[in-house]
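Novice: I need the structure of the sequence given here:
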Amino acid sequence: MRVKDTKHIIIGVILLFFMIGNGLAQVTYNFHKGGGIWRHYYVNANAGANLFFGDVSNYNGDPFNKLVKESSFAYSATAGKWITEWLAAQATFNMGQLRGANNALDAEFKNHYYYYTGEFIVNLNQLVYPLDKQTDFYLQAKLGFGLIRFNSELTSLTSKKPLHIIGENSAFGERVTEWIVPIGIGGVYNIDEHYSILFDLLYQYVNSDKLDTRVEESINNMNQLDSFFLLSVGIKYTFNLKKLRGYNHGSNSRSLRWTR
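Specialist: As a prediction, this is how the structure comes out:
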């Protein structure tokens, strides 16, 4: 379902975030290039809130109530490596729930899902303004592709009786599988040589209108695909796989002139 007002607000927040990031990017640390295959690996863990947009929702045009009344918990784990000064590749596993209600339909749904994706990360500061210095705060963009597996149950708001089930009504039952494309932007604040704080806003494009169990068709007989946003915060740990002679002071240390 297309929700223009809410998406315009979110786009505005992204633009504001970008302008703030450029201002913070003036404080820098020294930057060491090189290291090849052994340097600049990282792992991170995130937790946050999913915001579902689809047929079974009262607040598709109201982002505040969407966050307060229809958000649901999600968490993820990621492992990756910086390939160049501005490009990284990573793999992510995400698990969580989606929920929503629609008073006009006398219906509410709950969805349990997990997905695994491969993703590219772009350091926007370094891409736009390439420097031999590392900013302590930088913006990053994300684009990925993978598979999502889920089951979903639609129930009546008044009687609480099941109306429709997609997949087995069990977290361990047979699930529906579709492809998913995460697209987003985020910010990273480097605390020290190893640890960073992450902030992410992701739009999850799913090739399905079954997330809320209802399949609606538009006037041109095309399915209106469901989707969801993920707002999350996390912690990131960067490390090297082995000691680099002349650069590191320990087997898992980044150089004192560190990169990310």
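Novice: Tell me how many other residues surround residue 159.
Specialist: Using other C-beta atoms under 10 Å, residue 159 has 9 neighbouring residues. Bear in mind the C-beta positions are built from the backbone N, C-alpha and C, glycine included.
Novice: for it, helix, strand, or coil?
Specialist: coil (DSSP: H, G, I helix; E, B strand; the rest coil).
Novice: what do you get for residue 225?
Specialist: Taking three-state DSSP as the rule, one finds residue 225 in the coil state.
Novice: Is it correct that it is in contact with residue 210?
Specialist: No: with contact defined as C-beta atoms under 8 Å, residue 225 does not count as touching residue 210 (9.5 Å).
Novice: What's the separation between residue 225 and residue 51?
Specialist: 16 Å (C-beta to C-beta, to the nearest Å).
Novice: Mind checking which of those two has more residues around it?
Specialist: The neighbour count for residue 225 versus residue 51, taken as other C-beta under 10 Å, is higher for residue 51 (25 against 18).
Novice: what residues are up against the more buried one?
Specialist: Shown in contact with residue 51 (C-beta atoms under 8 Å, 6 or more residues apart in numbering): 63, 66, 67, 70, 71, 228, 229, 230, 231.
Novice: Which one among these sits at the bottom for pLDDT?
Specialist: pLDDT is lowest at residue 63 among these; the value there is 84.
Novice: burial measure for it, as a count.
Specialist: 18.
Novice: Ramachandran angles for it?
Specialist: phi -60, psi -30 (degrees, to the nearest 10).
Novice: and what of the one 3 residues further on?
Specialist: According to degrees, to the nearest 10, the main-chain angles of residue 66 amount to phi -60, psi -50.
Novice: just residue 210 next, same as before
Specialist: Main-chain torsions, residue 210, degrees, to the nearest 10: phi -110, psi 0.
Novice: how much space between it and residue 136?
Specialist: Taking C-beta to C-beta, one finds residue 210 at 43 Å from residue 136.
Novice: can you check residue 87 too?
Specialist: 20 Å.
Novice: for residue 80, same thing?
Specialist: Distance, residue 80 to residue 136, by C-beta to C-beta: 20 Å.
Novice: Neighbour count: these two, which is higher?
Specialist: Counted by other C-beta under 10 Å, residue 80 and residue 136 do not tie: residue 80 has more neighbours, with 21 against 17.
Novice: what bridges to that one?
Specialist: On the basis of DSSP bridges, residue 80 takes part in beta bridges with residue 42, residue 90.
Novice: Correct me if wrong: it contacts residue 89.
Specialist: Yes: at 5.9 Å, residue 80 and residue 89 qualify as touching, with contact defined as C-beta under 8 Å.
Novice: Spit out the residues that contact these two alike.
Specialist: Common neighbours of residue 80 and residue 89 are listed as 119, 121 (criterion: C-beta under 8 Å, 6+ apart).
Novice: For this protein, name the helix or strand with the lowest mean pLDDT.
Specialist: Least confident element among the helices and strands of the chain, by mean pLDDT, DSSP states H and E: strand 28-30 (a mean of 41).
Novice: Average pLDDT for the helix or strand where residue 45 lies, rounded please.
Specialist: Residue 45 is part of strand 41-53, with elements assigned from DSSP states H and E. Taken as a whole, strand 41-53 has a mean pLDDT of 94.
Novice: so the residue nearest to residue 110 when sequence neighbours are not counted, which of the three states?
Specialist: Nearest non-adjacent residue to residue 110, counting by C-beta to C-beta, 6 or more residues apart in numbering: residue 99, 5.1 Å away. Of the three states, residue 99 takes strand according to three-state DSSP.
Novice: In a strand, residue 199, correct?
Specialist: Yes: counting by three-state DSSP, residue 199 is found in a strand.
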